[in-house]
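S.K.: structure of the sequence below:
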Amino acid sequence: MIGPADVGDPAVTSEVLAVFERYEDALVAGDAATLDAMFWDSPDTIRFGVADRQRGFGELAAWRATQGPLPGRERRQTHVATFGADLAVVTTLFSYPGRPFEGRQSQTWVRLAEGWRIVSAHVSETPVPPDALDG
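M.R.: Purely as a prediction, here's the structure:
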């Protein structure tokens, strides 16, 4: 059982934030190989996108191969919650210049033998007035 002392360990938070930043850099660049390497290679991996969904690493890799870079992506309010040494949830908001949408992204990361991997991800967008994206 995870107790209060196991939540929010600064060292684990730093590790997860570093791999998340690597993921985000690859996402913006359209680096499918790096993005694939950051997901758990399992039929149990799940990703729900804005207008798509993938179940299993095979579906995810096939979908990712059709995606390009995401220039102009802006993130804010990224939060890392850790539970013990091997589980974390990362949430962030994102937007793109000139688009009146707020993007919402959540990822569940697990430390596996091969390192930190995303086992579940969810991405959504909701329309908002452009002035509401300030924050």
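
S.K.: sec struct for the residue nearest to the spatial centre of the chain, please.
M.R.: For the chain, the residue nearest the mean C-alpha position is Gln107 (4.4 Å; CA atoms, centre = their mean). Under DSSP: H, G, I helix; E, B strand; the rest coil, Gln107 falls in the strand class.

S.K.: dump the residue contacts of it.
M.R.: Gln107 makes contacts with Phe20, Tyr23, Val89, Val90, Thr91, Ile118, Ser120, Ala121, His122, as judged by CB atoms under 8 Å, 6 or more residues apart in numbering. For every residue, glycine as well, the C-beta is placed using N, CA and C.

S.K.: SS state for the fourth one?
M.R.: Per three-state DSSP, the secondary structure class of Val90 is strand.

S.K.: what pLDDT does it get?
M.R.: Note on Val90: pLDDT of 98.

S.K.: same thing with Val128?
M.R.: At Val128, the model reports a pLDDT of 86.

S.K.: and what of the one 3 residues further on?
M.R.: What the model reports as pLDDT for Asp131 is 68.

S.K.: dump the residue contacts of Arg55.
M.R.: Contacts for Arg55 (CB under 8 Å, 6+ apart) come out as Pro43, Thr45, Ile46.

S.K.: what remains of these if I keep only buried residues?
M.R.: Taking 16 or more other CB atoms under 10 Å as the criterion, what is buried in the contacts of Arg55 is Thr45, Ile46.

S.K.: now the contacts of Arg55 as JSON lines including distance to Ala81, pLDDT and secondary structure?
M.R.: JSON lines is the format used below for those (distance: CB to CB, whole Å; pLDDT from 0 to 100; DSSP: H, G, I helix; E, B strand; the rest coil):
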{"residue": "Pro43", "distance to Ala81": "26", "pLDDT": "98", "secondary structure": "coil"}
{"residue": "Thr45", "distance to Ala81": "20", "pLDDT": "98", "secondary structure": "coil"}
{"residue": "Ile46", "distance to Ala81": "19", "pLDDT": "98", "secondary structure": "strand"}
